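Give the three-dimensional model of this entry:
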Amino acid sequence: HPISRVSCAAVRTSIMTNGDQIAQQMLAMAEYFRQRYEIRRAIKCSLGASKVAQSDCFKILTAHQTGKLYHLYTHESEQAEKFLKLAYHQMCSTHIIEGTERTMHDLMREYRLEAACMLAEHYLADGFPSEVGGFVKELQDSRNLPMLHTRLAFLCAEGAMGERKTETAMRILEELRYFLDQHQETKQLAVYAMISRLHVRAHLLQELPPKDLEDISRAIEAFPHDDMGKLNMQIYFMSVQLANSADNGMVRTSKGLMKTLQQAAQIKTHNRGFRWADPTFITALVCVFTQTSMFQNCNRERASKYYNHAIRSIKDYSERSRTLESGVAHSIRRLKMVADETMCQTKIINCELVSAVETMREMLSDMNTHNALQVMGVPRIHLLLGLVSLYLEKPSIAEMQFNAAVASNLPWDTHLTQILACHKGLLYLQNARQAEFYDLDDLIGISKLNSGGTIHMQAILKFIHGFHAYLNNKPNDCRVRVQEILDLTKAEDMFRMYTMALLLFSALNFQAMPNLSETIKPTIDWSNKNSDISLLVWTYTQLIQINDMAGLSIEEEQGILFNHFQTLQDSQEAMNGHKECMDMIKWTSDSLEAIFPRNLMP
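The predicted structure follows:
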C-alpha cells in the first residue's frame, strides 16, 4: 500500500501511533474496495480514515488518497478539489517536521507532485486554465521524477495554451523535449513534446512551419517500423495537421492526409508502453475529422454516416472504460460536442430545424455539469440558435442570439468573435441597417479582407463586401470580390462558398449575359448533394428570373422552387408547434438553469 512508503517520524504518542495504524488499515480497505470497483465503499473508508486522530503525515496522505478517489472515479469535482487542495497546500509546508531534519515539502515530494497534476487536470477540465500556472514552479523540483515531471509539464503547457500564452507554452514544451531527449527510454515522449509544440503553434498562431514538420517527420522515422508507439506518434502528428486544415477550410489540401489517417486508424495496436490514444478513441477522432470534411465537401449522406460512427465509438469508449483520467474524459466530451455541432449545422441547412434544436438541447445537457464545455459551447449554441431563427424568419430573435453569443464568448476567441460579426453584418445588410454594418468595421471592414485569418474567413469577408457593393449599386467592386472568392474557394474545394459567389455573380449579371443559366446550374448539383434548402431556393429563384428574361419556359423551375418553399414552410410550422424548441430559441443567457432547473437537472 502507498502509505508504507511514507516515514511518519512525527508520531510521538501511543494514541497517535494507534490512530495512524487505524487510518492505515482503513485506507487499505479503501484500496481493496477500489480494486473491486466498489468506489462508494472505498470513499467511505477513506473518509472514515480522515476522521481518526493521527499524525500530520497521515492526515495529509489520507486527504490525498480521498481526493484521488473522487478525482479518478467520480464526477464530484468539488469534493476532489477540496481534498486535493487541502493535501497539496499542507505538503507545500517548509517547516521542519518535529523529530526529523526534513520538511513536509521534501518528505511528501512525490505525493505533492501527483496532487499538483490532478489539480491541474481538474482546473483544465473545469475551464480554469489560469489556475494551472501556479504549478509551473513545481517543474524544477520534479526533474528527479521523470514521469511526474513529464505529466506536469504537459499540463502546464496546456494551461498556458488555454490562456493564449503562446511563448510560455512553447518554452515549457521545448524544455521538456530537451529533458526527455537525454534518455533513450523517454525519446518517444520527446517526440510527443515536439508535436505538442507544433500543436500550440497551429492552434494559437495558425502556423505549421515547414522546418518543424521536417524535424518531427525525421524524429518519427528514426523509430523502427514495427514499433507500435511510432504509429501513435504518426496519428497525433497527422491529427494536428488535419485540425489546422479544418480550421482554415483547406478541404482539398487535407484529402491525402485524411486518407492516410483513416488507413492508420485501422491498424490494431498492442496495449504496451506509452500510447497517445486508445484505438477506439482514435476511431472516434478520425470519424469526426471525416464528418467535418464531408460536411465541407457538401456530402450530407457521408457526413451523417461518419457522425453516427463517431457517436457509437464515443459511447463505446465511455462505457467500456470504467475510469478515465480527467484529460481523457474531457477530450471525449469535447469530441462529441464537435460532432454534434457539425451535425446541427447539417440539420439546419437541411431545414430539419426541430431535430437541430433537439441536438442542441442534448449538447447543453452534456455541458450542464462540465464548466469547461459551457465556456466553449454556450456561445456556439447561441450562434446556432441565431441561424435557426433566421430560417424561421425572425431576424430580431436571431440578433438577440448573436448578441448573446458575443456576450458569452471568451475575449481571446477572436475567430468566433469575427464569425459572429459576419453573421451580424449580413443581418444588418439584409435589413437595410447599413449604419450598424459600418459599426463592425474593426472586425469585418475592408482592411480585414486579406488579413482575416483563415482562408475560409477571407472568403466569407469577401462575400459580405461583395454583397454590400451589390446593394449599393457598385457592380465593379462586386465583380472584383466575386472573382476573388471564386479563385480562393475553387483552389480548396469550398463548394458552398463557391456556390454563393456564383449566385451573387448571376444576380449582378442576369440581364447582361446570355446563357447565364448554364453558369449557375452546377450549383444545383452541389446544393442537392447537401440538401441545402436555402441555396436551392436562391438558385431556382435566379434561374426563373434568367429564363423568364430570355423568354424560356419556367414551369419546371417554378414547380421545384415551390417544393423547396414547402419544405421550408413545413419546417417552420413544425418548429412553431414545438413549445420546448420555441422556448430554446428565446434563451439568451449564459446560464443553463433556465433550461435545466436545479430540481430538474438531467
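
What pLDDT is listed against Glu319?
Per-residue pLDDT puts Glu319 at 76.

Can you pull the phi/psi pair for it?
Taking degrees, to the nearest 10, you get phi -80, psi -40 for the backbone angles of Glu319.

got it, and Lys165?
phi -90, psi 80.

Please tell me how far Ala42 sits from Arg36.
8 Å (Cβ to Cβ, to the nearest Å). Yep, even glycine has a C-beta here, placed from its N, CA and C like the rest.

So for these two, which sits in the more crowded spot?
Neighbour comparison, Ala42 and Arg36: the larger count goes to Ala42, with 23 against 10 (by other Cβ atoms under 10 Å).

so what's that one up against?
Ala42 is in contact with Ala30, Glu31, Tyr32, Phe33, Arg34, Leu69, Tyr73, counting by Cβ atoms under 8 Å, 6 or more residues apart in numbering.

Just to be sure, Gly453 is in a strand?
No: when classified by DSSP: H, G, I helix; E, B strand; the rest coil, Gly453 is found to be coil rather than part of a strand.

which residues touch it?
Gln206, Thr414, His415, Gln418 are the contacts of Gly453 under Cβ under 8 Å, 6+ apart.

just to revisit the earlier point, may I see the ChimeraX selection of the buried members of the contacts of Ala42?
Those of the contacts of Ala42 that count as buried under 16 or more other Cβ atoms under 10 Å are selected in ChimeraX with:
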select :30,31,33,34,69,73
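
what would the contacts of Ala42 look like in a markdown table with pLDDT?
Below are those laid out as a markdown table (pLDDT from 0 to 100):
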| residue | pLDDT |
| --- | --- |
| Ala30 | 92 |
| Glu31 | 91 |
| Tyr32 | 91 |
| Phe33 | 91 |
| Arg34 | 89 |
| Leu69 | 92 |
| Tyr73 | 86 |
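
Next step: the contacts of Ala42 restricted to helices.
Among these, the members falling in helices (DSSP state H) are Ala30, Glu31, Tyr32, Phe33, Arg34, Leu69, Tyr73.

Which stretches in the stretch 1-150 of the chain count as helices?
Assigned helices in the stretch 1-150 of the chain, in chain order: 14-35, 39-50, 56-73, 77-91, 104-107, 109-125, 146-162 (criterion: DSSP state H, counting those that start in this stretch).

any chance of those in JSON lines, with distance to Glu214 too?
Below are the helices of the stretch 1-150 of the chain laid out as JSON lines (distance: least, Cβ to Cβ, whole Å):
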{"stretch": "helix 14-35", "distance to Glu214": "46"}
{"stretch": "helix 39-50", "distance to Glu214": "48"}
{"stretch": "helix 56-73", "distance to Glu214": "39"}
{"stretch": "helix 77-91", "distance to Glu214": "41"}
{"stretch": "helix 104-107", "distance to Glu214": "43"}
{"stretch": "helix 109-125", "distance to Glu214": "31"}
{"stretch": "helix 146-162", "distance to Glu214": "22"}
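
weakest of those in terms of mean pLDDT?
Lowest mean pLDDT within those: helix 14-35, at a mean of 80.

Next, the angle from it to helix 56-73.
Angle of helix 14-35 versus helix 56-73, following axes from the mean of the first three to the mean of the last three Cα atoms, to 10 degrees, is 10 degrees.

Does helix 14-35 pack against any helices or strands, and if so which?
With contacts taken as 3 or more Cβ pairs under 8 Å, 6 or more residues apart in numbering; DSSP states H and E, helix 14-35 sits against helix 39-50, helix 56-73.

Pick the most buried one from the ones you listed.
helix 56-73 (a mean of 24; mean count of other Cβ atoms under 10 Å).

just how off-centre is the helix or strand harbouring Glu580 within its chain?
Using DSSP states H and E, Glu580 sits within helix 579-585. Relative to its parent chain, helix 579-585 has a centroid offset of 26 Å by Cα atoms, centre = their mean, to the nearest Å.

what's around Arg481, how many residues?
Using other Cβ under 10 Å: Arg481 sits among 25 other residues.

Leaving out sequence neighbours, find the closest residue to it.
Leaving aside its sequence neighbours, Arg481 sits nearest to Gly466 (Cβ to Cβ, 6 or more residues apart in numbering; 3.2 Å).

right, and the one you found touches Ala501 too?
Yes: using Cβ atoms under 8 Å, Gly466 is in contact with Ala501, at 7.5 Å.

intersection of neighbour lists for the two?
Both Gly466 and Ala501 are in contact with Val482, Ile485, where contact means Cβ under 8 Å, 6+ apart.

Tell me how many other residues surround Gln542.
By other Cβ under 10 Å, the residues close to Gln542 number 22.

which residues does the residue lying closest to it once chain neighbours are set aside contact?
Leaving aside its chain neighbours, Gln542 sits nearest to Ser506 (5.0 Å; criterion: Cβ to Cβ, 6+ apart). Listed by Cβ under 8 Å, 6+ apart, the contact set of Ser506 reads Leu516, Thr519, Ile520, Gln542, Ile546.

Distance check, the last one against Leu552.
Per Cβ to Cβ, Ile546 is found 8 Å from Leu552.

One more: the fourth one?
Per Cβ to Cβ, Gln542 is found 13 Å from Leu552.

Great, nothing more from me.
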